[in-house]
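Participant: Kindly generate the corresponding structure for this input.
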Amino acid sequence: MGVFIDQSSDSTLYSIQLKTGGGNFLFQKKMKYIVERMPSLKHPDKFISESTTGFIENNEGIWLHPPRVDKFKFITQLAPYPEVRFPITPGDSLSGSIHMMGNWGDWTGHSSEFYLHVVTDTSIATIDGLEKAYILKGCGSILEKTSCVTYIFSNTRGFIYAKYENSDLETFEMKRHLDKGEFSF
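Facilitator: As a prediction, this is how the structure comes out:
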């Protein structure tokens, strides 16, 4: 489930499904996002988007593209992508850049710079009991725009939470929903 807030004047609710399947996508494993914007007074029309992209999951770590459509296309593209390297240790840090190919407006042809830190480890309560998780924080920037993110990653459940905030005062928050129940932080 995701919620996008635009300068506190608009909140948009999304249902976001991530499905993995056989095959490859650009030397990565294939995954598909199905994003549905829930109708509201401001956006009465139904919106559904399906996009195929890739992820990497192996003994070294996990990396995946975030969903990048509709109102949150730019906020998730600019922030550091969900990534962990094993073994995960508080204090670990990643940095790099992403070159923006076509379809990114003013960003096309430019490269973003990003960093992502493992801030701390924590415990989360699940229906199965307490579970170890990690809090990661980072920011990305390009052409005077910045987008920051906080992720929570569980060794057994993967990325379970993301909150993005950008320099345009927009916020996008995603929380993994499980059939067994929600998490407590």
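Participant: going forward, measure contacts between C-alpha atoms and count neighbours the same way
Facilitator: Noted.
Participant: what about the residue nearest the centre of the chain, which SS state?
Facilitator: For the chain, Pro66 is the residue whose C-alpha lies nearest the centre (C-alpha atoms, centre = their mean; 4.3 Å). Recorded secondary structure, Pro66: coil (DSSP: H, G, I helix; E, B strand; the rest coil).
Participant: Could you measure from it over to Ser147?
Facilitator: Pro66 is 13 Å from Ser147, where distance means C-alpha to C-alpha, to the nearest Å.
Participant: Please identify every residue contacting each of the two.
Facilitator: Residues touching both Pro66 and Ser147 (C-alpha atoms under 8 Å, 6 or more residues apart in numbering): Thr76.
Participant: From the contact counts, what lies against the strand or helix carrying Ser11?
Facilitator: Assigned by DSSP states H and E, Ser11 belongs to strand 10-25. Using 3 or more C-alpha pairs under 8 Å, 6 or more residues apart in numbering; DSSP states H and E, the elements in contact with strand 10-25 are strand 2-6, strand 28-37, strand 47-58.
Participant: redo that, cut-off 7 Å
Facilitator: Of the remaining helices and strands, those touching strand 10-25 by 3 or more C-alpha pairs under 7 Å, 6 or more residues apart in numbering; DSSP states H and E are strand 2-6, strand 28-37.
Participant: Paired strands for the last one, with orientation please.
Facilitator: In the sheet containing strand 28-37, its partner strands are strand 10-25 (antiparallel), strand 47-58 (antiparallel), by DSSP bridges.
Participant: quick one, which of the ones you listed is nearest to Leu41?
Facilitator: Leu41 sits nearest to strand 10-25 of all the strands paired with strand 28-37, at 10.1 Å, using C-alpha to C-alpha.
Participant: Compare the strands paired with strand 28-37 and say which comes out lowest on pLDDT.
Facilitator: If those are sorted by mean pLDDT, strand 10-25 sits at the bottom with a mean of 85.
Participant: Tabulate the CA atom coordinates of that strand in PDB.
Facilitator: The C-alpha trace of strand 10-25 is given here as PDB (Å, rounded to 0.1, in the frame of the first residue of the first chain):
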ATOM      1  CA  ASP A  10      -3.300  16.300  -1.600                       C
ATOM      2  CA  SER A  11      -3.100  12.700  -0.500                       C
ATOM      3  CA  THR A  12      -3.400   9.900  -3.000                       C
ATOM      4  CA  LEU A  13      -3.800   6.300  -2.000                       C
ATOM      5  CA  TYR A  14      -2.300   3.500  -4.100                       C
ATOM      6  CA  SER A  15      -2.400  -0.300  -4.100                       C
ATOM      7  CA  ILE A  16       1.000  -1.600  -5.300                       C
ATOM      8  CA  GLN A  17       1.600  -5.200  -6.100                       C
ATOM      9  CA  LEU A  18       5.100  -6.600  -6.800                       C
ATOM     10  CA  LYS A  19       5.200  -9.900  -8.600                       C
ATOM     11  CA  THR A  20       8.300 -11.900  -9.400                       C
ATOM     12  CA  GLY A  21       8.400 -14.500 -12.100                       C
ATOM     13  CA  GLY A  22      10.600 -16.500 -14.400                       C
ATOM     14  CA  GLY A  23      12.900 -15.000 -16.900                       C
ATOM     15  CA  ASN A  24      15.300 -12.100 -17.000                       C
ATOM     16  CA  PHE A  25      15.100  -8.300 -17.600                       C
END
